[in-house]
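Participant: have a look; sequence and predicted model below, questions after that.
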Amino acid sequence: MSTTPRAIDSTTQSALAKKFKELHIPGSPIFLTNVWDAPSASLVLRNPKTKAIATASYAIAATNGIADDDLSLEDSVSALFKITQQISRDGKTHEIPLTVDLQSGYGDRLEEAVASVIRLGAVGINLEDSLSFGGNLIEADAHAVRIKKAIEVAEREGVKDFVVNARTDAIVCGKSVEEAIARGKKYLEAGATTVFVWGGPIRPGLRDAEIRQLVEGLGGRINVKLNDGELTVKELAEIGVARISMGPGLWKVAMIETEKKITSLLG
């Protein structure tokens, strides 16, 4: 189990977890502008409409010059520490809930991973059901057990109402929407707050009809990623989702704009 010093007392952390969980409302979703380092976290915190902070593992990995699949638990915790230090400097540790992208949970180090991020102040995690991008799906019942385990670890750490956003890569791996719904139901039964159904980078996100089907099948308790040129936050809210996230979207915008500036300067 983690020996990381505690950043926040468990009573306050439980209150933040409850606050975060209550923001997941079908039809009135929480919108997360994911961060990847201290400066991006500070920018997000400066906006008065920010209700929670979420990390994006892809962006954290890219910032460290590695692929998302190669991001180790140590890399993730190191980046999170810098982010939480910035949250503290901005005076928001006791005000703004923090949720962490834990990828698939780092194999048999799941309990260690969950405890480590909780001790740094997290009140929620993303937990994927595939071992790598486009890789094999974890068996649904096995992933449900991992969701339960994550919540048990949170309870042992004194954090009630811990939020698990259970990501399924069923569609990315060529499965049907029906399979994603079946998996999602098991994950919700295991204690997940929402199910994040990822459409993958190849196609332009989930289609309107697919999102509607998922909302109906999972009672609106879904997270979708906002994609440029696709459905807006308002439209997704009207469909009935409970959570919207940017993933590495802001990091990509930052890189594109930086490249444009470099090109304009150097020709």
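Facilitator: It's in. Fair warning: this is a prediction, and the values are worked out from it, not measured in the lab.

Participant: how many other residues sit next to Thr84?
Facilitator: By the criterion of other Cβ atoms under 10 Å, Thr84 has 23 neighbours. Just so you know, the C-beta spots here come from the backbone N, C-alpha and C atoms, and that holds for glycine as well.

Participant: the helices in the stretch 51-200 of the chain, which residues?
Facilitator: 57-63, 73-89, 110-119, 140-156, 177-189 (DSSP state H, counting those that start in this stretch).

Participant: low pLDDT regions in the protein?
Facilitator: Across the chain, residues meeting the criterion (pLDDT under 70) sit at 1-4, 133-135, 201-204.

Participant: tell me the buried residues in the helix or strand hosting Lys260?
Facilitator: Assigned by DSSP states H and E, Lys260 falls within helix 249-266. Neighbour-count burial for helix 249-266, counted by 16 or more other Cβ atoms under 10 Å, picks out 249-252, 254.

Participant: also stretch 29-43?
Facilitator: Quick answer for stretch 29-43 (16+ other Cβ under 10 Å): 29-38, 40-42.

Participant: please write out the alpha-carbon positions of it in PDB.
Facilitator: Provided in PDB are the C-alpha atoms of stretch 29-43 (Å, rounded to 0.1, in the frame of the first residue of the first chain):
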ATOM      1  CA  PRO A  29     -23.400  17.300 -17.100                       C
ATOM      2  CA  ILE A  30     -20.200  18.200 -15.500                       C
ATOM      3  CA  PHE A  31     -17.700  19.500 -18.100                       C
ATOM      4  CA  LEU A  32     -14.100  18.700 -17.500                       C
ATOM      5  CA  THR A  33     -11.300  20.600 -19.300                       C
ATOM      6  CA  ASN A  34      -8.500  18.100 -18.700                       C
ATOM      7  CA  VAL A  35      -5.000  19.200 -17.600                       C
ATOM      8  CA  TRP A  36      -1.500  17.700 -17.900                       C
ATOM      9  CA  ASP A  37       0.900  19.800 -15.900                       C
ATOM     10  CA  ALA A  38       1.000  22.600 -13.300                       C
ATOM     11  CA  PRO A  39       0.600  25.500 -15.800                       C
ATOM     12  CA  SER A  40      -2.400  24.000 -17.500                       C
ATOM     13  CA  ALA A  41      -4.000  23.200 -14.100                       C
ATOM     14  CA  SER A  42      -3.500  26.800 -13.000                       C
ATOM     15  CA  LEU A  43      -5.100  28.100 -16.200                       C
END
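
Participant: max pairwise distance over the buried residues of stretch 29-43: which two?
Facilitator: Pro29 and Ala38 (26.6 Å; Cβ to Cβ).

Participant: circling back to that earlier point, elements contacting the helix holding Lys260?
Facilitator: Helices and strands touching helix 249-266, by 3 or more Cβ pairs under 8 Å, 6 or more residues apart in numbering; DSSP states H and E, are helix 38-46, helix 57-63.

Participant: could you dump those to JSON lines with distance to Leu120?
Facilitator: As requested, the helices and strands packed on helix 249-266 are exported to JSON lines (distance: least, Cβ to Cβ, whole Å):
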{"stretch": "helix 38-46", "distance to Leu120": "13"}
{"stretch": "helix 57-63", "distance to Leu120": "14"}
